[in-house]
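Enquirer: here is my input, please return the structure:
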Amino acid sequence: MIRTTLRTTGALLLSLAMSAAAQAAPGGPDASPLYLGADLSFTNEMEDCGAVFRDHGKPVDPFALLKRKGGNIVRVRIWNDAKWTRYSGYDDVLKTIRRAHAAGLMVLLDFHYSDDWADGDKQIAPAAWAGLDTAAQAKALYDYTSDILARLAAAGQMPELVQVGNETNFELLGGAKGKPIDWTRNAKLLNAGIKAVRDAGKASGKPPKVMLHIAQPENVIGWFDDATVAGVLDYDMIGISYYSKWSKYGLRGLGELIAAARTRYHADVMVVETAYAFTDAASDDTPNLLGSDSAIAGYPVTPQGQLHYLQDLTRTVIDNGGNGVVYWAPDWVSTRCKTRWGTGSSWENAAWFDLGRHEALPAWDFLSIRR
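Expert: Residues are numbered from 1 along each chain as shown. Here you go, the predicted model:
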């Protein structure tokens, strides 16, 4: 009902927001930091699978390379109890965060609130929480978030930013396509996670910024309008996944949306997931998810095309008042290890390392962009 009411004037509201945003300066002396980096949640697993990352022929630590190339942030996902893998649980996440901090990088911790992938198509509750009512789920979500952050703080590894959910287009802990959001329930869950981050940050003396994350720019205004009406207000940042293959927006539309959202919700806005293929070739039997079928005109599926896409995307974000770009899984290269979908990687041709010796590609150079 809330969504329907808001959308009856949605086009006018978006037009007004974009007009106001166009008149606002995108930066200034008090502008938020520009976050440039990558999600390196696969690095530990790839190295265990035998991958050797190289730069100019020499083995390199991706975390150190990211820092050396000008990046300043690493994103890392965490699942509740993923029995199907030994990665992206607390111990693996702690290892990743230690590596990031040791390299001089900030960390964005991405709570999926699931035992498996939570994304823009589905939000599957952890098995341990699935049978609970909303109040009990909110308490479980609060306690779990608090516990993870307290453990990280005790280890001296408190993240600088925290996502309360991953691509939460649908209702937290059980939403999916075709299922309307119960915003009373959704707000209770989201606010429980936000409060847990705030409380843990206060207790540690190192309060992280809070991010809420939506997949694809065309979904941002409707979701955040509904969230605002429902009382989800205490966040610092809006994270957007932008993949041209699954979005109706080109770079210009993305930029306009960023400017509008920044003005409309008084929050920092960044692209927290994106990717672009550098080849249509493959080195394993797992079909690749990206390629020429998802290319943007003017950006060929080549190493230089991948770099130019990232450069222009980043300039679009900056020019419209956004404050960051984080690339998804540049470390998910092909190895001898098996996944649910085959041997190797479905992302190898969108990584930042080539298909042969895992040599660093030109894409790393976008990290040197500054305002």
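Enquirer: what is the neighbour count of Ser244?
Expert: Neighbours of Ser244 under the rule other CB atoms under 10 Å: 21. (Each C-beta comes from the backbone N, C-alpha and C, glycine too.)
Enquirer: wait, isn't Gly71 in contact with Ile369?
Expert: No. Assessed by CB atoms under 8 Å, Gly71 is found out of contact with Ile369, at 10.4 Å.
Enquirer: who has more neighbours, these two?
Expert: Just comparing Gly71 and Ile369: by other CB under 10 Å the higher neighbour count belongs to Gly71, 25 against 17.
Enquirer: find residues that contact each of Gly71 and Ile369.
Expert: With contacts taken as CB atoms under 8 Å, 6 or more residues apart in numbering, the residues that reach both Gly71 and Ile369 are Leu36.
Enquirer: please compute how far stretch 214-226 lies from its chain's middle.
Expert: Relative to the chain's own centre, stretch 214-226 is displaced by 15 Å; criterion: CA atoms, centre = their mean, to the nearest Å.
Enquirer: avg pLDDT for it?
Expert: Across stretch 214-226, the average pLDDT comes to 98.
Enquirer: return the alpha-carbon coordinates of that stretch using PDB.
Expert: Provided in PDB are the C-alpha atoms of stretch 214-226 (Å, rounded to 0.1, in the frame of the first residue of the first chain):
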ATOM      1  CA  ILE A 214      19.900  -2.200  -3.100                       C
ATOM      2  CA  ALA A 215      20.500  -3.900  -6.400                       C
ATOM      3  CA  GLN A 216      20.200  -1.800  -9.500                       C
ATOM      4  CA  PRO A 217      19.600   2.000  -9.500                       C
ATOM      5  CA  GLU A 218      16.000   1.800 -10.800                       C
ATOM      6  CA  ASN A 219      15.000   0.200  -7.500                       C
ATOM      7  CA  VAL A 220      16.500   2.700  -5.200                       C
ATOM      8  CA  ILE A 221      13.900   5.500  -5.000                       C
ATOM      9  CA  GLY A 222      10.800   3.300  -4.400                       C
ATOM     10  CA  TRP A 223      12.600   1.200  -1.800                       C
ATOM     11  CA  PHE A 224      14.000   4.100   0.200                       C
ATOM     12  CA  ASP A 225      10.800   6.100   0.000                       C
ATOM     13  CA  ASP A 226       9.000   3.100   1.600                       C
END
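Enquirer: the most centrally placed residue in the chain: what secondary structure?
Expert: Most central in the chain under CA atoms, centre = their mean is Val272, positioned 3.8 Å from the mean C-alpha point. What DSSP: H, G, I helix; E, B strand; the rest coil gives for Val272 is strand.
Enquirer: now it: how far from Gly165?
Expert: Distance, Val272 to Gly165, using CB to CB, to the nearest Å: 12 Å.
Enquirer: intersection of neighbour lists for those two?
Expert: His213.
Enquirer: so where do the strands sit in the stretch 251-371 of the chain?
Expert: 268-273, 324-328, 338-339, 342-343 (DSSP state E, counting those that start in this stretch).
Enquirer: can you give the domain ranges for the chain?
Expert: The chain breaks down into these domains under automatic domain parsing: 36-71+242-371, 72-208.
Enquirer: so Thr314 sits against Ile369, correct?
Expert: Yes. Because the distance of 5.0 Å satisfies CB under 8 Å, Thr314 is recorded as touching Ile369.
Enquirer: got any residues that touch both of those two?
Expert: Common neighbours of Thr314 and Ile369 (CB under 8 Å, 6+ apart) are Leu36.
Enquirer: how about the residue nearest to Tyr265 when sequence neighbours are not counted, secondary structure?
Expert: Leaving aside its chain neighbours, Tyr265 sits nearest to Phe224 (5.6 Å; criterion: CB to CB, 6 or more residues apart in numbering). For Phe224, the assignment made with three-state DSSP gives helix.
Enquirer: my read: Phe224 touches Ile240, true?
Expert: No. Contact status for Phe224 versus Ile240: not in contact, 10.7 Å apart, counting by CB under 8 Å.
Enquirer: more neighbours: which of these two?
Expert: Each of Phe224 and Ile240 has its neighbours counted (other CB under 10 Å); Ile240 has more, 26 against 19.
Enquirer: the strand or helix carrying the more buried one to strand 268-273, inter-axis angle?
Expert: Ile240 belongs to strand 237-241 when assigned by DSSP states H and E. Interaxial angle of strand 237-241 relative to strand 268-273 (axes from the mean of the first three to the mean of the last three CA atoms, to 10 degrees): 30 degrees.
Enquirer: mean confidence score for strand 237-241?
Expert: Mean pLDDT, computed over strand 237-241, is 98.
Enquirer: can we start the residue count at 16 from this point?
Expert: Sure thing, new numbering starts at 16, so read that last one as strand 252-256.
Enquirer: which neighbouring elements make contact with that strand?
Expert: Counting contacts by 3 or more CB pairs under 8 Å, 6 or more residues apart in numbering; DSSP states H and E, strand 252-256 packs against strand 224-230, helix 235-245, helix 266-280, strand 283-288.
Enquirer: buried residues in the third one?
Expert: For helix 266-280, the buried set under the neighbour-count rule, 16 or more other CB atoms under 10 Å, comprises 266, 269-280.
Enquirer: and Asp249, which of the domains of the chain is closest to it?
Expert: With CB to CB as the criterion, Asp249 lies closest to domain 87-223 of those, at 5.2 Å.
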